[in-house]
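Asker: Structure here, sequence nowhere to be found:
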């Protein structure tokens, strides 16, 4: 629900339904370059309530996912995987965070350029499968699959921990796991979009199903 004169920003294609009082606009400026570097489209869609009473907007991710609201006023600055944010309400600034450590840049699953979310508003993050949002105590460490990280507070210490040879080769977790040590908030997912695509993709040796024209050609050649 948007109050009168209130606006939210979202990525293109995520609007599912909205009330007649909602006006749409496209915002594109110098900030578009920063958004592209953080994995976002260069433009944002602005949805504004131009009426005199609260109005509704329904949003949906552009891939099979759930929407996780993150209150930046409570969590503080958040670091996320590229393309993590879907929409924002209120004071939310999208920037980049560069990781120059070769260990975490290569083995943490997030790469060297990450998304930075700052402000006092609400960031809506898209994540797949089962979502865990956990507030880590000071010194508490959470080990996760490197493909599962969605976002974490800037106060969280981020690192990697090597797996043993047997686990790395046969455990399905790769050579490293990601570690996050509190204090701060972390968001992890059980089914990232690349993992989902790999799961539903047909095996490479599978032959495509024959269409009507293919079957007709086969009969003609037999005759």
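Answerer: Done, it's in. All values derive from a computational prediction rather than experimental measurement.
Asker: And the residue nearest the centre of this structure?
Answerer: residue 84 (2.7 Å; CA atoms, centre = their mean).
Asker: That residue: what's it in contact with?
Answerer: By CB atoms under 8 Å, 6 or more residues apart in numbering, the contact set of residue 84 is 39, 115, 117, 125-127, 150-151. Glycine gets a C-beta too; all of them are placed from N, C-alpha and C.
Asker: same thing but at 10 Å, please
Answerer: 38-40, 68, 70, 78, 94, 110, 114-115, 117, 123-127, 149-151, 187 (CB atoms under 10 Å, 6 or more residues apart in numbering).
Asker: got it, and residue 118?
Answerer: With CB under 10 Å, 6+ apart, residue 118 has these contacts: 72, 76-78, 91-95, 154.
Asker: Columns neighbour count and distance to residue 51 on top of these, output as JSON lines?
Answerer: Listed next are the contacts of residue 118 as JSON lines, based on neighbours: other CB atoms under 10 Å; distance: CB to CB, whole Å:
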{"residue": "72", "neighbour count": "21", "distance to residue 51": "27"}
{"residue": "76", "neighbour count": "14", "distance to residue 51": "34"}
{"residue": "77", "neighbour count": "16", "distance to residue 51": "34"}
{"residue": "78", "neighbour count": "28", "distance to residue 51": "32"}
{"residue": "91", "neighbour count": "12", "distance to residue 51": "23"}
{"residue": "92", "neighbour count": "21", "distance to residue 51": "23"}
{"residue": "93", "neighbour count": "15", "distance to residue 51": "27"}
{"residue": "94", "neighbour count": "23", "distance to residue 51": "28"}
{"residue": "95", "neighbour count": "15", "distance to residue 51": "33"}
{"residue": "154", "neighbour count": "15", "distance to residue 51": "38"}
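Asker: and which of those is nearest to residue 171?
Answerer: residue 78 (29.8 Å; CB to CB).
Asker: which non-adjacent residue is nearest the closest one?
Answerer: residue 117 (4.4 Å; CB to CB, 6 or more residues apart in numbering).
Asker: what's the next secondary structure element after the strand or helix carrying that neighbour?
Answerer: Using DSSP states H and E, residue 117 maps to strand 113-119. Toward the C-terminal end, the helix or strand that comes next after strand 113-119 (DSSP H and E) is strand 122-127.
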